[in-house]
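> based on what follows, work out the 3D shape:
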Amino acid sequence: MEKHISCLEDSLETEKKEWPILRAGWMLMGVFLLLGILGLFGSGIFSRRTVETSEFRMEYDRYLRYSMSSELVINAASLGSDSSISLNYDYVKTVKIDKIVPEPESVKFEKDKVLFKFSSAKGNNIVFYLVPINQGAQRLVVELNGSRKEVSQYIYF
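Numbering: from 1, shown residues only. Take a look at the predicted model:
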């Protein structure tokens with residue numbers, strides 16, 4: 001009987017030493033869970049951003065997940081018959097564009113950018129459905145009617 005009691009006493013001392021470590025581990029897991037919910041590792045309030053220029057407003061996710069879909073929404077102040085939106089070519093190489101709503105009338109590749117020409121009859125809200133195919137920091141440059149905006153995105157595993 002005494003053998004069992006002494007084992008319990010030894011175990012209690014060990015448990016008292018382990019409790020702070022276990023609590024720190026649980027707190028760390030809770031912090032990661034909270035950051036994930038808030039959007040640090042994908043969509044959420046830390047990730048979703050809106051930027052504006054004189055010609056357009058753009059909504060995008062600052063943090064993207066590799067091979068998970070995301071939206072780039074561009075709301076143009078006005079689209080004329082010769083309006084086009086351009087994205088930098090380096091960015092277009094790092095994402096797969098699944099769909100564009102509304103569909104552009106034409107797509108033209110230039111030296112360092114891709115031009116998407118849209119009709120004003122289709123509306124001023126343009127949505128690019130993207131799937132990242134590379135990881136790491138990415139630079140996105142959007143131009144519309146001479147107005148240019150550059151933003152940074154990070155693509156996680």
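
> low-confidence stretches in this structure?
1-10, 40-43, 120-122 (pLDDT under 70).

> helices of that one, start to end?
2-38, 89-94 (DSSP state H).

> would you mark the buried spots in the last one?
In this case it means helix 89-94. Burial within helix 89-94, assessed by neighbour count using 16 or more other Cβ atoms under 10 Å, is assigned to 91-92, 94. (C-beta placed from N, C-alpha, C; glycine too.)

> before we move on, what about the first one?
Judged by neighbour count (16+ other Cβ under 10 Å), helix 2-38 contains no buried residues.

> and that helix, what other elements does it pack with?
Contact partners of helix 2-38 among helices and strands, from 3 or more Cβ pairs under 8 Å, 6 or more residues apart in numbering; DSSP states H and E: none.

> looks like residue 157 contacts residue 67 (just checking).
No: look at residue 157 against residue 67 with Cβ atoms under 8 Å: they stay out of range, at 9.6 Å.

> who has more neighbours out of those two?
Legend: neighbour count by other Cβ atoms under 10 Å for residue 157 and residue 67, higher for residue 67 (12 against 7).

> need phi/psi at that one.
phi 60, psi 20 (degrees, to the nearest 10).

> domain assignment for the chain?
1-38, 48-156 (automatic domain parsing).
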